[in-house]
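>>> Provided below are the primary sequence and the corresponding predicted coordinates.
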Amino acid sequence: MARPIKRVTASPEVAAELCRRSRSTTIGVRDRERASMIMLRLQGLGVAAAAARLGTTAKRVSTWS
């Protein structure tokens, strides 16, 4: 039996800031990717699904979320 997906939560203010950063073109690439990882996790995706969508490793997504 698989382990349940851990839910990531954030306040509305934090979620809005992450959303802004994930769309920003003037922020660093690494910061934009990190914000995107966390946003996908906030939307309920698992680590593996978020990694597949972003084209990165599950370990990296797990570290940042």
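Now that the structure is in, tell me what you want to look at.

>>> following the helix or strand encompassing residue 32, which helix or strand shows up next?
If you go by DSSP states H and E, residue 32 is part of helix 29-42. The first helix or strand that comes after helix 29-42 along the chain, using DSSP H and E, is helix 47-54.

>>> by contact count, what packs against that next one?
helix 29-42, helix 58-64 (3 or more Cβ pairs under 8 Å, 6 or more residues apart in numbering; DSSP states H and E). Where you see a C-beta, it was placed from the backbone N, CA and C, and this is true even at glycine.

>>> tell me which of those sits most buried.
helix 29-42 (a mean of 18; mean count of other Cβ atoms under 10 Å).

>>> sketch out the low-pLDDT regions of this protein for me.
Flagging of the chain using pLDDT under 70 yields the residue ranges 1, 5.

>>> chain center to the helix holding residue 32, what's the gap?
4 Å (Cα atoms, centre = their mean, to the nearest Å).

>>> stretch 3-18 now?
Distance, centroid of stretch 3-18 to centroid of chain: 9 Å (Cα atoms, centre = their mean).

>>> next one: stretch 51-59
Going by Cα atoms, centre = their mean, where stretch 51-59 is centred and where its chain is centred differ by 10 Å.

>>> which residues are contacting that stretch?
33, 36, 37, 40, 45, 47, 48, 60, 61 (Cβ atoms under 8 Å, 6 or more residues apart in numbering).

>>> repeat for stretch 12-23
10, 27, 31, 32, 35, 36, 38, 39, 42.

>>> buried residues in it?
Neighbour counts over stretch 12-23 (16 or more other Cβ atoms under 10 Å) mark 18, 21, 22 as buried.

>>> repeat that for stretch 43-55.
Buried-residue list, stretch 43-55, by 16+ other Cβ under 10 Å: 45, 46, 47, 49, 50, 51.
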